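Participant: sequence-free structure coming up:
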């Protein structure tokens, strides 16, 4: 009995000691990682594939004022370069109709309004060409609440003319030099038939060929690719088809998600389970890169135009603090295998299953509908604080960087898969208050620092720190938030440093300190040089 009491006391103390504590009796025997970097030893420019692209639900949602306000903030704080979304050609964008003689009529006013906004905030479109305008469709099968038509065109020549006309319009409005920097992706997840495509693989390749030739007829330098498949499918087949038939192909795009079962579940009713396999997500990306390397087109760019922990917008892991460390872990594992990893999506203003009725419902977004930042948001927020030069670092769950001013950034985390077993699904587990357990101590040592004074800003994401879902549970998870509650949650989850301290580096140029860390904590140490 006494032994149990002392054990409880020890665990209590360990849990409540500050991460900045130096109590040797607690930390000496629990060091489980050492991160040692040298300011003077770099590996070159930091690979920023993590912020090349971000996803959004559908084009029409991008006409909303709140969507645009949120994206402007995300651009400013996370600096994504491109954005990809469904539904550019769907009827709610009013792009295509035919007169009573069957002659096509084109209209790009809604697309112009959307793309003008994107360019105004210095973002670029990753143009997903889909779904089928109903006047051009061969059938009436649709997907999602907003009814995206997923059938092949009734007339491939009319489809080709539409794509050529649209591409020419982009060229006239924005200039060829700008459009050369865009990516044109043909369709979305055609391997999920009949969900996203009622045709066969051969019919998709036909659609791809007509589309690619239409784009290239306007400007041969414009970039076109696909197959935009779910589950990393059809990569070798797409390359083989294009090579055999001399069809243009500038990049491969595909998708992956970190759960075990299925590929399409907009309502989250099947019960998803986070995959415990350490190579989940990253393994598929690395395989795709190997498939490209072994193909007839070994130098193609690889863009994962959708990825996340789960493929359903009704999965509470998206709202959980566990997501922050998960995102960082997967991006680190991918390394340079992909040219971009486009997180799906930036906001819960997302209506595949229809407008959602609660403020936290497991939506894909980095932000909820009211623009409240989730833990996942801070993964990208902190990544964007890293300097341009990456330092040599053998630790597999951290990045160390510097910038030209002498500042140093060290981003490190613990990712622990805590889902008990496959009999408990995400929808049952991540809706709970889930306190994190201590993992021990991480020893940080930075050498080669310039002598002088630094301001050390420490940022954190973890249980009850920038952890809006636990805060939401703490106010009894109301189905509707008052303005005061929104303000409260925003202020408590604003990503500000949890502490700021002065550090003096002497002539030895070394900073060394031990940090206690819990499961799924994320920490950023930002050393800002103030004077020599």
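Facilitator: Perfect, I can see it now. Just so we're clear, the structure is a prediction, and the values are computed from it rather than from any experiment.
Participant: who touches residue 37 in this structure?
Facilitator: Residue 37 makes contacts with 391, 392, 393, 400, 410, 445, 446, 447, as judged by CB atoms under 8 Å, 6 or more residues apart in numbering. (Each C-beta comes from the backbone N, C-alpha and C, glycine too.)
Participant: Tell me which stretches of the stretch 51-200 of the chain form helices.
Facilitator: Remark: helices of the stretch 51-200 of the chain, listed N- to C-terminal, are 65-78, 109-120, 156-174, 176-179; assignment by DSSP state H, counting those that start in this stretch.
Participant: And those: which comes nearest residue 344?
Facilitator: Each of the helices of the stretch 51-200 of the chain has some distance to residue 344 by CB to CB; the shortest is helix 65-78, at 13.8 Å.
Participant: mind giving me CSV with the helices of the stretch 51-200 of the chain and columns for distance to residue 387 and mean pLDDT?
Facilitator: Supplementary listing: the helices of the stretch 51-200 of the chain in CSV, determined by distance: least, CB to CB, whole Å; pLDDT from 0 to 100:
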stretch, distance to residue 387, mean pLDDT
helix 65-78, 16, 98
helix 109-120, 27, 98
helix 156-174, 32, 98
helix 176-179, 29, 98
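Participant: Those: which one's closest to residue 427?
Facilitator: When those are ranked by proximity to residue 427 (CB to CB), helix 65-78 comes first, at 25.7 Å.
Participant: elements contacting the closest one?
Facilitator: Where contact means 3 or more CB pairs under 8 Å, 6 or more residues apart in numbering; DSSP states H and E, helix 65-78 is packed against strand 53-58, helix 375-383.
Participant: Now residue 494. Nearest residue, chain neighbours left out?
Facilitator: The shortest distance from residue 494 to any non-neighbouring residue, by CB to CB, 6 or more residues apart in numbering, is to residue 373 (7.3 Å).
Participant: what's the pLDDT at the residue nearest to residue 75 when sequence neighbours are not counted?
Facilitator: In space, and not counting its chain neighbours, residue 75 is closest to residue 121: 5.0 Å by CB to CB, 6+ apart. Each residue has a pLDDT score; the one for residue 121 is 98.
Participant: Spit out the contact partners of residue 121.
Facilitator: Applying CB under 8 Å, 6+ apart, one finds that residue 121 lies in contact with 71, 72, 75.
Participant: For PyMOL, what selects the buried ones among the contacts of residue 37?
Facilitator: To isolate in PyMOL the members of these that are buried, counting by 16 or more other CB atoms under 10 Å, one can use:
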select buried, resi 391+393+400+410+446
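Participant: okay if I get the contacts of residue 37 as a markdown table plus distance to residue 245?
Facilitator: Rendered in a markdown table, the data for those read as follows (distance: CB to CB, whole Å):
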| residue | distance to residue 245 |
| --- | --- |
| 391 | 46 |
| 392 | 45 |
| 393 | 45 |
| 400 | 47 |
| 410 | 50 |
| 445 | 56 |
| 446 | 54 |
| 447 | 56 |
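Participant: now, which of the contacts of residue 37 lie within strands?
Facilitator: Secondary structure assignment (DSSP state E) places 391, 400, 410, 445, 446, 447 from the contacts of residue 37 within strands.
Participant: what about the third one, distance to residue 498?
Facilitator: Same thing as residue 410. Remark: distance between residue 410 and residue 498 (CB to CB, to the nearest Å) = 15 Å.
Participant: ditto for the fifth one
Facilitator: Using CB to CB, residue 446 is found at 19 Å from residue 498.
Participant: Check the last one too.
Facilitator: In this structure, residue 447 and residue 498 are 25 Å apart, going by CB to CB.
Participant: same question, the second one
Facilitator: For residue 400, the distance to residue 498 (CB to CB) stands at 20 Å.
Participant: Strands of the stretch 151-300 of the chain, start to end?
Facilitator: 183-186, 223-229, 251-257 (DSSP state E, counting those that start in this stretch).
Participant: which one of the helices of the stretch 51-200 of the chain lies closest to residue 520?
Facilitator: Checking the helices of the stretch 51-200 of the chain against residue 520 by CB to CB gives helix 65-78 as the closest, at 20.3 Å.
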